[in-house]
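Sequence first, predicted coordinates after that:
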Amino acid sequence: MSLDMASVRFAYRRNTVLQGVDLSVAEGGFCALLGPNGSGKSTLTKIIARVLKPADGTVAFAGQDLLAAPRRDHARVVAYVPQSGAAPFEQTVREAVLLGRTPHIGLRPTRHDREVVDDAVDRLGLTGLRDRPLSQLSGGQAQRVLIARALAQQPRVLLLDEPTSALDLRYQIETLQIVRSVTREEGVTALIAIHDLNHAAHFCDQIVLLDGGRIVADGPPAEAYDPAVLSRVYGLDVLVNHGENGVEVRPSALEPAPGVIGAPAAAGARTAVAAR
Ligand SMILES: Nc1ncnc2c1ncn2[C@@H]1O[C@H](COP(=O)(O)OP(=O)(O)OP(=O)(O)O)[C@@H](O)[C@H]1O
């Protein structure tokens, strides 16, 4: 079972932004979608989420055509966390997360539905905020509500469009850990559009690099991160280090910070080199 896209093409009027994308993510895989601004990451996730309809191509999960499935069936398989979401401002956190249960609920939410919601609220560190209206949340808290709503949906495929962009470092890491554990422990297939190449390498097992609506690299981080390809795509010289902790990418022009061995002495500083 896998998420499979074949020959997917999409254009905004005459501007073709996906040029025949073929992509497979194994069941339980955690795939990072990388690429510069405007390379087509959001468009690709929106097609799988059925926010946008491709001009051509197929999208399937476990052989089921996701583009033709009835909406409710699609929503039982696919959950989507957009870059930012509009929600009725007076809704509370718990009410917003309960919306994730919509594809599963009969006439009214059951005790099980409420347990799933409370579990998702707890996992995203929102327990203390669960009765608070969305209008009284910070940007990062609101982003965590969207992620909790997607988890409460209990999907087979989880799509996240830059879900960590408003999060502080702790919640960036925790969110990526949660998504990784959902993939490994529950076999959910996750696709995340993300800009941080090092977080992607650390947490994901598949890297897909988009450039101008085409896939230019696809594989495990150690194979997909080619310095020449990354430098060309991002228009910036980068180095790729293969170390004990995995692969790490950094701009080659980035000098060590003052105080680090090898850094140039800062003006007026007595020493810029750490004593050993
Ligand atoms: N609603 C729209 N109407 C017209 N063009 C659009 C629309 N949304 C996106 N585009 C264009 O489609 C291309 C791909 O955009 P997309 O949002 O998929 O890129 P992205 O890789 O997600 O970028 P970012 O990293 O900035 O979020 C860009 O050139 C963008 O300007």
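That came through, no problem. Residues are numbered from 1 along each chain as shown.

quick check, distance from the helix or strand where Thr58 lies to the centre of its chain.
Per DSSP states H and E, Thr58 falls inside strand 56-61. Relative to its chain's centre, strand 56-61 lies at 20 Å (C-alpha atoms, centre = their mean, to the nearest Å).

Now Pro221. Its backbone dihedrals?
phi -50, psi -40 (degrees, to the nearest 10).

on that earlier part again, what does the helix or strand just after the strand holding Thr58 contact?
Reading on from strand 56-61 to the C-terminus, the next helix or strand found by DSSP H and E is strand 64-65. Strand 64-65 is contacted from outside by Thr58, Val59, Asp73, Val77, using C-beta atoms under 8 Å, 6 or more residues apart in numbering. From N, CA and C alone the C-beta is placed, and that goes for glycine too.

Now the longest helix along the chain: buried residues?
Ranked by number of residues, the top helix in the chain under DSSP state H is helix 169-186. Within helix 169-186, the residues that qualify as buried are Tyr171, Gln172, Glu174, Thr175, Leu176, Ile178, Val179, Arg180, Val182, Thr183, counting by 16 or more other C-beta atoms under 10 Å.

Could you do stretch 48-58 as well?
Ile48, Ala49, Arg50, Leu52, Pro54, Gly57.

neighbouring strands for the strand holding Thr58, and are they parallel or not?
Paired neighbours of strand 56-61 in the sheet (DSSP bridges): strand 2-12 (antiparallel), strand 64-65 (antiparallel).

sorry, back to before: quick check: angle from the following helix or strand past the longest helix of the chain to strand 56-61?
As assigned by DSSP H and E, the chain's next helix or strand after helix 169-186 is strand 189-193. With axes from the mean of the first three to the mean of the last three C-alpha atoms, to 10 degrees applied, the angle from strand 189-193 to strand 56-61 works out at 130 degrees.

Return stretch 137-144 as PDB; C-alpha atoms alone will do.
This file holds the C-alpha atoms of stretch 137-144, laid out as PDB (Å, rounded to 0.1, in the frame of the first residue of the first chain):
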ATOM      1  CA  LEU A 137      -4.700  32.000  20.600                       C
ATOM      2  CA  SER A 138      -1.200  32.900  19.400                       C
ATOM      3  CA  GLY A 139      -0.200  32.000  15.800                       C
ATOM      4  CA  GLY A 140       1.800  29.000  16.900                       C
ATOM      5  CA  GLN A 141      -1.100  27.800  19.200                       C
ATOM      6  CA  ALA A 142      -3.500  28.100  16.300                       C
ATOM      7  CA  GLN A 143      -1.200  26.100  14.100                       C
ATOM      8  CA  ARG A 144      -1.100  23.400  16.700                       C
END
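
could you give me the average pLDDT of it?
The average pLDDT within stretch 137-144 is 88.

Not counting its own residues, what contacts that stretch?
84-85, 93, 124-126, 129, 134, 145, 163-168, 171, 175.

Narrow those to those that are buried.
93, 124-126, 129, 134, 145, 163-167, 171, 175.

Any chance of a markdown table for those residues, columns distance to Val157 and secondary structure?
Below are the buried ones among the contacts of stretch 137-144 laid out as a markdown table (distance: C-beta to C-beta, whole Å; DSSP: H, G, I helix; E, B strand; the rest coil):
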| residue | distance to Val157 | secondary structure |
| --- | --- | --- |
| Val93 | 24 | helix |
| Leu124 | 19 | coil |
| Gly125 | 24 | coil |
| Leu126 | 23 | coil |
| Leu129 | 28 | helix |
| Leu134 | 25 | helix |
| Val145 | 20 | helix |
| Pro163 | 15 | coil |
| Thr164 | 19 | coil |
| Ser165 | 21 | coil |
| Ala166 | 23 | coil |
| Leu167 | 22 | coil |
| Tyr171 | 23 | helix |
| Thr175 | 17 | helix |
